[in-house]
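Engineer: sequence and predicted structure are below.
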Amino acid sequence: MTNLSDSPDRFGLISRVFHWGMAALFAAQFTSAAAHWALPRENTLRETLWSFHTDLGITLFVLVVLRGAWGLWNLRNRPAHDGQIGGAAKAGHVVLYGLMVVVPLVRIVAAAGGRRGLSYFGMSIVPARETAIAWTQAVSEWHGELGWTLAAVILGHILFAVVYHRMIQKDGVMERMA
C-alpha cells in the first residue's frame with residue numbers, strides 16, 4: 001500500500017497528488033492568461049479560457065494553502081536537501097510558494113476594493129463596490145507581472161528538475177515525486 005505521508009525516501013501520495021494536480025491546474029491557468037494576452041478580443045477561445053481564470057486562481061490559492069500546511073506537517077519526514085544545491089532548492093521553493101500566495105492575494109485585495117467584486121463558481125465572495133478604492137486598484141497592476149514571474153520560476157523549477165536531477169545527477173528525485 002502507498003504511504004500517504006512523506007518519508008525520507010519518497011514523497012507520500014498526498015504530496016504527489018498536490019504537486020501533479022496543481023501542476024496541471026497551473027498549466028491551465030497560464031494557458032488562460034497567455035490566450036487572454038495573445039489572442040484578439042472577441043475571440044471565442046480567448047473568452048472561453050479567460051472565463052475560468054478567476055475560478056482556477058482561487059482554487060489554486062486554496063490548494064497552495066492546504067499544500068503548504070501539509071508540507072509543514074510533513075517537514076521532518078521529507079527527503080533531505082543537503083549542501084549548496086539543497087540550500088538553493090530550499091530558497092527556490094520559498095520563492096515559489098511565496099509567489100503562489102502573493103499572486104492571487106494581490107488580485108483578491110484588488111477585487112475587495114474594486115467595482116466588480118469577486119465570485120467563485122458563481123458565489124459572491126466579495127460584493128461589488130459602488131466606488132473603487134484607489135490603492136487596491138494600483139495593487140491590481142502587480143497581479144499580471146507577478147503572475148508571469150511565477151510562471152518563469154515554475155519553468156526554472158521544471159528545468160532544474162529535468163536537467164539537474166534527471167540528466168546530470170541521476171539521483172532519483174523525479175522518481176520520488178512520480
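Structural biologist: Noted; the coordinates are in hand.

Engineer: list the contacts for the residue most central in space within the chain?
Structural biologist: Closest residue to the average C-alpha location of the chain: Met100 at 4.3 Å, with Cα atoms, centre = their mean. Counting by Cβ atoms under 8 Å, 6 or more residues apart in numbering, Met100 makes contact with 60-61, 64, 150. For glycine as for every other residue, the C-beta is placed from the backbone atoms N, C-alpha and C.

Engineer: quick one, which residue of this protein lies the farthest from its center?
Structural biologist: Computed with Cα atoms, centre = their mean, the most peripheral residue in the chain is Glu130, at 31.3 Å.

Engineer: longest helix anywhere in this protein?
Structural biologist: Using DSSP state H, we find that the single longest helix of the chain is helix 83-112.

Engineer: now that one: average pLDDT?
Structural biologist: If you average the pLDDT over helix 83-112, you get 92.

Engineer: what do you get for stretch 21-34?
Structural biologist: 97.

Engineer: can you list contacts of it?
Structural biologist: In contact with stretch 21-34 (Cβ under 8 Å, 6+ apart) are residues 49-50, 52-53, 56-57, 59-60, 63-64, 67, 144, 147-148, 151, 154.

Engineer: run the chain-centre distance for it.
Structural biologist: 9 Å (Cα atoms, centre = their mean, to the nearest Å).

Engineer: could I have it exported to CSV, CA atoms only?
Structural biologist: Output of stretch 21-34 as CSV, limited to C-alpha atoms (Å, rounded to 0.1, in the frame of the first residue of the first chain):
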residue,chain,number,x,y,z
GLY,A,21,-2.7,18.2,-9.7
MET,A,22,-1.5,21.7,-9.1
ALA,A,23,1.0,21.4,-11.9
ALA,A,24,-1.9,20.6,-14.3
LEU,A,25,-4.1,23.5,-12.9
PHE,A,26,-1.2,25.9,-13.2
ALA,A,27,-0.7,24.8,-16.8
ALA,A,28,-4.4,25.6,-17.5
GLN,A,29,-4.1,28.9,-15.6
PHE,A,30,-1.1,30.1,-17.6
THR,A,31,-2.7,28.9,-20.8
SER,A,32,-5.8,31.1,-20.0
ALA,A,33,-3.5,34.1,-19.2
ALA,A,34,-1.5,33.6,-22.4
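
Engineer: strands of the protein, start to end?
Structural biologist: In the chain, the strands defined using DSSP state E lie at 118-120, 123-126.
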